[in-house]
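Novice: Give the three-dimensional model of this entry:
(one chain, ligands or ions: 1)
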Amino acid sequence: MSACNKYDVLILGSGIAGLSLANYLIDKQRLKSENRKLKVLVVSKGEVNETNTAWAQGGVAAAVDTNDSIERHVNDTLAAGSYANDTDVTQKIISQAPEAIRDLIGWGVQFDKKSNGDFDLGLEGGHDHPRILHHQDITGAAIQHAIQEYFTKAGGEISNHTAAIDILKTADGFWVTLFDLSRHKTIRIFCVHLVMATGGIGQLFTRTTNTRYSTGDGIYLSHQLGAAIKELAMVQFHPTGLYVEENSSFLISEALRGAGAELLDHKELPFMHRYDPKGSLAPRDIVSRAIWQEMRLSGKEHVWLDARMISPQVLQHHFSNIVSNCISRAGVDPAKDLIPVAPIQHYSCGGIATDANGRTTIKGLYAIGECAHTGLHGANRLASNSLLEGIVMAKFVAQEITDTLQQELQIPTESAWELPMVLSLDISNVKKIFSHAAGVMRNTAKMKEALRLLEDIRLNGNRIPFNVQDFENSIILQVSILLLKDALSKKSSIGVHYIEA
Ligand SMILES: Cc1cc2nc3c(=O)[nH]c(=O)nc-3n(C[C@H](O)[C@H](O)[C@H](O)COP(=O)(O)OP(=O)(O)OC[C@H]3O[C@@H](n4cnc5c(N)ncnc54)[C@H](O)[C@@H]3O)c2cc1C
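Specialist: Numbering: from 1, shown residues only. From the prediction side, this is the model:
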């Protein structure tokens, strides 16, 4: 971080949302040579590449095939979202998908192609046509690498191992307190535009596919500022997390089912056709609930995924990451063995409420990527639409910021501030209470009881001076409470929010 502590734009997060925004701003600056140089800082809690983006496997959805259309992609998105999506936003984002793919390629991402030069498009649950652009089964890592390289080569400024911990709104912008996690020092910086790109909330749950940094910080900090938060109850569980008693966090991408893998019960018989005509490729909420029911019926903690019909060449070429993780984490070889799988927390459809241009309800504050709620996903996200949303919304926000750029960077006087107090918590207990109530199948009485317990912990917990670990735990508690309140405000089941009768 430079000695100067004033920025036009501060971006919290270095995943697809945060770095795409930074790259779009770089590209726009190149086109507008007469303007003063925009001062932009990207901040990342971990290493720059320790993001959910880098872990994405399947790919990015876009209607680029000549037999496909934007309309079909929109229809699949609305159907997966139980038609609770914002239709205008959905249309706006999906129609930008082919352009977003061109932008990613321009930044250096290489999507797999067939021998005839056409994109090798994958099929995933809920899509009526193959439209998933991918890089083997490590698409996220390929994207993360390319957008980082582009940003670094352009001289972009990034501060790793730095967490935003407090924000104060002024008339002209924001004072943000950053905590340098390596040196245990706080830094205060002023920015005119503040962008939340902080990713998901997986760490609220006992089992998640998300990175350890997915603690919902952007949602918490925005809520503290008074920004509207929407639809937190809409949590997507991925049906096929690799089940291992310890270390159950690896995801088996839907792409494997797209390539023919089938879900089997404990008698090793297919069961998905009993739940949905699309079978193993039904939308994720339906597959997750079906697996949950089967687990309940058998009394086991997982079902099986059978990929043995996929040729060893295809497994090695397209799914080498999955194959090696199955072997190293669970000791099963997908070419020969059944894979134990169970639903696992995966994605937050809700978040900081934004309009179709990424603006929150607070002037100058934007939210993009998984921490945001644009209305694209409705009550359930269609597979491979989240990387897409991250990049498309970044482009809209880049436009908004460029349009409202001030000629001179005003620097207000720094206000008094102090480090926030935090709660000393038994976080595994908090997660257990919460996960039990906010899982694949919910129950109103259980959610009320969990909320009562968590509110009690919040009100009566021991308050201690700031330290990073307890700060993060306090955020997990607060966001869990927000989520349960949102879930209890809903009168009936919809999409991923399923209340048992
Ligand atoms: C295993 C897995 C597989 C997936 N597969 C796919 C797929 O195939 N297709 C698809 O579309 N989606 C997929 N997803 C979902 C998708 O990867 C994510 O939704 C998306 O990458 C989120 O991008 P993001 O930029 O919003 O957040 P992230 O990529 O998670 O980045 C968040 C950033 O915020 C930073 N941060 C957090 N808190 C703070 C703070 N307080 N201060 C500063 N920085 C902070 C983090 O350090 C990080 O840099 C997958 C997700 C997972 C976990």
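Novice: Averaged pLDDT, the helix ranked longest in the chain. What do you get?
Specialist: For the chain, the longest helix by residue count, based on DSSP state H, is helix 468-489. Across helix 468-489, pLDDT averages out at 97.
Novice: Going by neighbour count, which residues in that helix are buried?
Specialist: For helix 468-489, a neighbour-count test (16 or more other C-beta atoms under 10 Å) marks 470-484, 486-488 as buried. For glycine as for every other residue, the C-beta is placed from the backbone atoms N, C-alpha and C.
Novice: try stretch 81-101
Specialist: Within stretch 81-101, judged by 16+ other C-beta under 10 Å, the buried ones are 81-82, 84-86, 89-94, 96-97, 100-101.
Novice: Please state the offset of the strand or helix carrying E99 from the chain centre?
Specialist: Assigned by DSSP states H and E, E99 belongs to helix 97-106. Centroid separation between helix 97-106 and its chain, computed with C-alpha atoms, centre = their mean, to the nearest Å, is 20 Å.
Novice: Could you do stretch 329-336 as well?
Specialist: Here the centre of stretch 329-336 is set off from its chain's centre by 27 Å, with C-alpha atoms, centre = their mean.
Novice: quick one: is it near the ligand?
Specialist: No - judged by C-beta under 6 Å from any ligand atom, stretch 329-336 and the ligand are separated, with a smallest distance of 13.1 Å.
Novice: Go through that stretch and flag the buried ones.
Specialist: Quick answer for stretch 329-336 (16+ other C-beta under 10 Å): R329, A330, V332, D333, P334, A335.
Novice: among those, which two are most distant?
Specialist: In the buried residues of stretch 329-336, the most distant members under the criterion C-beta to C-beta are R329 and A335, with 16.1 Å between them.
Novice: which residue sits closest to the spatially most central residue of the chain, ignoring its sequence neighbours?
Specialist: What sits nearest the mean C-alpha location of the chain, by C-alpha atoms, centre = their mean, is E370, with 3.7 Å. Excluding the flanking residues, the one nearest E370 by C-beta to C-beta, 6 or more residues apart in numbering is G200, at 4.5 Å.
Novice: Give me the distance between the longest helix of the chain and the centre of its chain.
Specialist: Counting by C-alpha atoms, centre = their mean, helix 468-489 is centred 17 Å from the centre of its parent chain.
Novice: could you dump that helix to CSV, C-alpha only?
Specialist: The C-alpha trace of helix 468-489 is given here as CSV (Å, rounded to 0.1, in the frame of the first residue of the first chain):
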residue,chain,number,x,y,z
VAL,A,468,-8.9,-10.6,14.5
GLN,A,469,-10.1,-14.1,15.4
ASP,A,470,-12.8,-12.9,17.7
PHE,A,471,-13.8,-10.1,15.3
GLU,A,472,-14.3,-12.7,12.6
ASN,A,473,-16.3,-14.9,15.0
SER,A,474,-18.4,-11.9,16.1
ILE,A,475,-19.3,-11.3,12.4
ILE,A,476,-20.2,-14.9,11.9
LEU,A,477,-22.6,-14.7,14.9
GLN,A,478,-24.2,-11.4,13.7
VAL,A,479,-24.7,-12.6,10.1
SER,A,480,-26.1,-15.9,11.3
ILE,A,481,-28.7,-13.9,13.3
LEU,A,482,-29.5,-11.7,10.2
LEU,A,483,-30.0,-14.9,8.2
LEU,A,484,-32.3,-16.6,10.7
LYS,A,485,-34.4,-13.4,10.9
ASP,A,486,-34.8,-13.3,7.2
ALA,A,487,-35.6,-17.0,7.1
LEU,A,488,-38.3,-16.6,9.8
SER,A,489,-39.8,-13.7,7.9
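Novice: elements contacting it?
Specialist: Here helix 468-489 touches helix 217-225, strand 422-424, helix 427-437, helix 444-460, going by 3 or more C-beta pairs under 8 Å, 6 or more residues apart in numbering; DSSP states H and E.
Novice: Turn these into JSON lines, including distance to I291.
Specialist: What follows is the helices and strands packed on helix 468-489, written out as JSON lines (distance: least, C-beta to C-beta, whole Å):
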{"stretch": "helix 217-225", "distance to I291": "28"}
{"stretch": "strand 422-424", "distance to I291": "35"}
{"stretch": "helix 427-437", "distance to I291": "17"}
{"stretch": "helix 444-460", "distance to I291": "20"}
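Novice: could you dump those to JSON lines with mean neighbour count?
Specialist: Shown next, in JSON lines, are these (neighbours: other C-beta atoms under 10 Å):
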{"stretch": "helix 217-225", "mean neighbour count": "23"}
{"stretch": "strand 422-424", "mean neighbour count": "19"}
{"stretch": "helix 427-437", "mean neighbour count": "18"}
{"stretch": "helix 444-460", "mean neighbour count": "15"}
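Novice: nearest to the ligand, of these?
Specialist: helix 217-225 (3.4 Å; C-beta to the nearest ligand atom).
Novice: Residue of the stretch 1-150 of the chain nearest the ligand, please.
Specialist: For the stretch 1-150 of the chain and the ligand, the shortest gap (C-beta to the nearest ligand atom) falls at G15, measuring 2.0 Å.
Novice: and that residue, what does it touch?
Specialist: Neighbour list for G15: T51, N52, T53, A54, Q144, A197, G199, G369, E370, G390 [criterion: C-beta atoms under 8 Å, 6 or more residues apart in numbering].
Novice: what's the nearest residue to the third one if we skip its chain neighbours?
Specialist: Counting by C-beta to C-beta, 6+ apart, the nearest residue to T53 once its immediate chain neighbours are dropped is G15, at 3.7 Å.
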